[in-house]
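Enquirer: build the 3D model from these lines:
(one chain, ligands or ions: 1)
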Amino acid sequence: MKIAIGSDHGGYALKQEIMKHLETRKVEYTDFGCYEESSCDYPVYARAVAAAVTDKTCEFGILICGTGIGISIAANKISGIRAALCTDCFCAEATRQHNDANILCLGGRVVGAGLACKIVDTFLDTPFSNDERHIRRIHLIEEN
Ligand code: RB5
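Expert: Predicted coordinates for the structure are as follows:
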């Protein structure tokens, strides 16, 4: 499994913690930036991570900004992306099972590193249900 990860300055510190955690788990990742904490624009990193997911270079993406909101809005503009902003493990599990989410969004100013790593684990370890009703709803989203 390969992960595409990206953040703006608001998510930079949490991204460092998550990358360390992925290394501990021996999960391969590519960091699409930002690479330092000065102010930058989250849509740039949303686009780069989304491209790696839609072109199948990476199976999943992780995007982090201050709240997780802006970067999830930006990612969800891209066709084929289902980006889910999660603040707990229940939502991380449900969005994989029900929405087949392919990008996890987190708020670096919202969740601590301990919880964020558990959310990442839950997201990466939960398969899509393959339930017919969920597949139908995902297809309906794609018609938009
Ligand atoms: C940057 O200050 C902040 O606006 C950004 O990280 C994010 O929270 C936007 O939704």
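Enquirer: around the ligand, which positions in the chain sit nearby?
Expert: For the chain, the contact set with the ligand under Cβ under 6 Å from any ligand atom comprises Asp8, Gly10, Tyr42, Cys65, Gly66, Thr67, Ile69, Gly70. Glycine gets a C-beta too; all of them are placed from N, C-alpha and C.
Enquirer: quick one, helices of this structure?
Expert: 12-24, 42-54, 69-75, 89-99, 113-125, 132-142 (DSSP state H).
Enquirer: among those, which comes closest to Ala4?
Expert: helix 42-54 (3.8 Å; Cβ to Cβ).
Enquirer: packing partners for that closest one?
Expert: With contacts taken as 3 or more Cβ pairs under 8 Å, 6 or more residues apart in numbering; DSSP states H and E, helix 42-54 sits against strand 2-7, strand 60-65, helix 69-75, strand 103-107.
Enquirer: buried ones in it?
Expert: Buried residues in helix 42-54, defined by neighbour count with 16 or more other Cβ atoms under 10 Å: Tyr42, Tyr45, Ala46, Arg47, Ala48, Val49, Ala50, Ala51, Ala52, Val53.
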